[in-house]
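Colleague: could you look at this predicted model? Sequence included:
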Amino acid sequence: MELLLDVNNLSITFKSKEKTVHAVRNVSFHVNKGEVLAIVGESGCGKSVTAKSIMRLLPEKTGRIMDGSIMFDGKEITTMNKKELVKYRGDRIGMVFQDPMSSLNPTMTVGDQIAEGLMIHKGYKKKKAREKAIELIRQVRIANPVHCCTKYPHQLSGGMRQRIVIAMALICEPDLLIADEPTTALDVTIQAEILNLLKELQEKMGMAIIIITHDLGVVAKFSDRVNVMYAGEIVERGTLREIFYHPQHPYTLGLLKSIPKLDHDFCEKLAVIEGSPPDLSILPKGCAFSERCSHAMDVCDQYHPEQFDQSSTHQVSCWLTDSRASRAPRVYSITH
Ligand code: SF4
């Protein structure tokens, strides 16, 4: 497969007068053309910050890329000037945020907003932009797109607004779409519809997608590969099958156990990962998950876990997967 995005040793900090937060630490991953990569983890684990850094959308005053590189189609993003950035943001990479209201202008009809994007990015004249806006709205499966064009964002349902935001992100037919928690604010049925729509568009247009979510259930039928993030680092990465059927990191296992199942007895409580993530302004010496990990060993508090290969596509940062670790089960296996 052809490489599209290559992120290497990315480290991002946020500075305030009181403290420095190490939000992303030594993160490396890649996305090939036309594939779907999921980045999964709890709130505050650095997944959205990583996504925003790809778009160079970190808050200028506080957020800074301290180290690493982000190569997109052979070009370094971290050193691009504003003129270069304008060309590739929207044109080559589109982004869909969790809250569609924050991406839409409440004072313009959605049709005008899409048409404006087409005039700016594609140089279309007003009439052609209007026609194309209708086509894009049809493409995201909104019934009666001509009528929808005349609506203001507040006149549409949450699901329809998210479809409009997706339509806007598709204006330039980007090579990469970053969807940051695109379904979190929606109810379960609409969530499934939006995910099906994204998958359908991805297959039709051949674009790559990075989907950012806290919910492993969301990525189950959608992704080719999964990166699990915890406390600013990728703790496990693998193909969808490796992550779902052979998870190795205790945190991944905890996330999997917390997915509701259809045969779940609703009188029983769902499994939760006890405790909360560490304060990223005070980095732990060893494994950041040790406080919450029921398998923690002495070595975990003293040394940061190395990354151990399980296969050419499956890597885990956990001492349990070191062949020298003798305590605790070494390999987890889930049978479905
Ligand atoms: Fe648990 Fe130790 Fe693995 Fe961290 S390195 S996840 S504390 S077993």
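Modeller: Nice, I can see it.
Colleague: when you work out contacts or count neighbours from here on, use the C-alpha atoms and nothing else.
Modeller: OK.
Colleague: mind checking the SS state of the most centrally placed residue in the chain?
Modeller: Relative to the mean C-alpha position of the chain, the nearest C-alpha, by CA atoms, centre = their mean, is the one of Ile212, at 1.9 Å. Reduced to three states with DSSP: H, G, I helix; E, B strand; the rest coil, the structure at Ile212 is strand.
Colleague: so which bits of the one helix or strand Ser102 maps to are buried?
Modeller: Using DSSP states H and E, Ser102 maps to helix 100-103. Neighbour-count burial for helix 100-103, counted by 16 or more other CA atoms under 10 Å, picks out Pro100, Ser103.
Colleague: check which helix or strand the residue in the chain sticking out farthest from the centre maps to.
Modeller: Centroid-distance maximum for the chain: Lys127 at 35.4 Å, with CA atoms, centre = their mean. Element membership for Lys127, per DSSP H and E: helix 126-139.
Colleague: pull the CA atoms of the next helix or strand after the helix holding Ser102 into CSV?
Modeller: Counting by DSSP H and E, the next helix or strand C-terminal to helix 100-103 is helix 110-122. Extracted in CSV, the C-alpha atoms of helix 110-122 (Å, rounded to 0.1, in the frame of the first residue of the first chain):
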residue,chain,number,x,y,z
VAL,A,110,-26.0,25.4,5.0
GLY,A,111,-26.3,25.6,1.2
ASP,A,112,-24.6,29.0,1.2
GLN,A,113,-21.9,27.7,3.5
ILE,A,114,-21.1,24.8,1.2
ALA,A,115,-21.3,27.0,-1.9
GLU,A,116,-18.9,29.5,-0.3
GLY,A,117,-16.4,26.7,0.3
LEU,A,118,-16.6,25.6,-3.3
MET,A,119,-16.1,29.2,-4.6
ILE,A,120,-13.0,29.6,-2.3
HIS,A,121,-11.4,26.2,-2.8
LYS,A,122,-12.5,25.3,-6.3
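Colleague: what is helix 110-122 packed up against?
Modeller: helix 126-139, helix 145-149, helix 158-169 (3 or more CA pairs under 8 Å, 6 or more residues apart in numbering; DSSP states H and E).
Colleague: now do the same contact list for the residue nearest to the centre of the chain.
Modeller: Ile212 makes contacts with Ala38, Ile39, Val40, Lys47, Ser48, Ala51, Ile178, Ala179, Asp180, Glu181, Pro182, as judged by CA atoms under 8 Å, 6 or more residues apart in numbering.
Colleague: if I look at it, how far off is the ligand?
Modeller: Distance, Ile212 to the ligand, using CA to the nearest ligand atom, to the nearest Å: 22 Å.
Colleague: now Phe244
Modeller: 17 Å.
Colleague: mind checking the SS state of that residue?
Modeller: Assigned by three-state DSSP, the conformation of Phe244 is helix.
Colleague: surely it meets Leu256?
Modeller: Yes - with contact defined as CA atoms under 8 Å, Phe244 counts as touching Leu256 (7.5 Å).
Colleague: got the domain boundaries for the chain?
Modeller: 3-223, 230-325 (automatic domain parsing).
Colleague: which residues touch Ala41?
Modeller: To be clear, residue 41 is Gly; Ala isn't right here. By CA under 8 Å, 6+ apart, the contact set of Gly41 is Lys47, Thr213, His214, Asp215, Val228, Met229, Tyr230.
Colleague: correction: the previous question concerned Leu216.
Modeller: Val40, Leu255, Leu256, Ile259.
Colleague: keep only those of these that are in strands.
Modeller: Val40 (DSSP state E).
Colleague: go through the contacts of Leu216 and name the one nearest the ligand.
Modeller: The ligand lies nearest to Leu255 out of the contacts of Leu216, by CA to the nearest ligand atom, at 12.8 Å.
Colleague: how close does the closest one sit to Ser157?
Modeller: Note on Leu255: its distance to Ser157, by CA to CA, to the nearest Å, is 30 Å.
Colleague: neighbour count for these two, which is higher?
Modeller: Taking other CA atoms under 10 Å, Leu255 and Ser157 do not tie; Leu255 has more neighbours (20 against 11).
Colleague: any idea how far the more buried one lies from Gln248?
Modeller: Noted for Leu255: a distance of 12 Å to Gln248, by CA to CA.
Colleague: so which of the helices and strands packed on helix 110-122 gets nearest Ser11?
Modeller: Of all those, helix 158-169 sits nearest to Ser11, with 26.9 Å by CA to CA.
Colleague: any residues touching the closest one, and which ones?
Modeller: 90, 94-96, 99-101, 103-104, 110, 114, 117, 136-137, 139-142, 153, 177, 182, 185-186, 190-191, 194.
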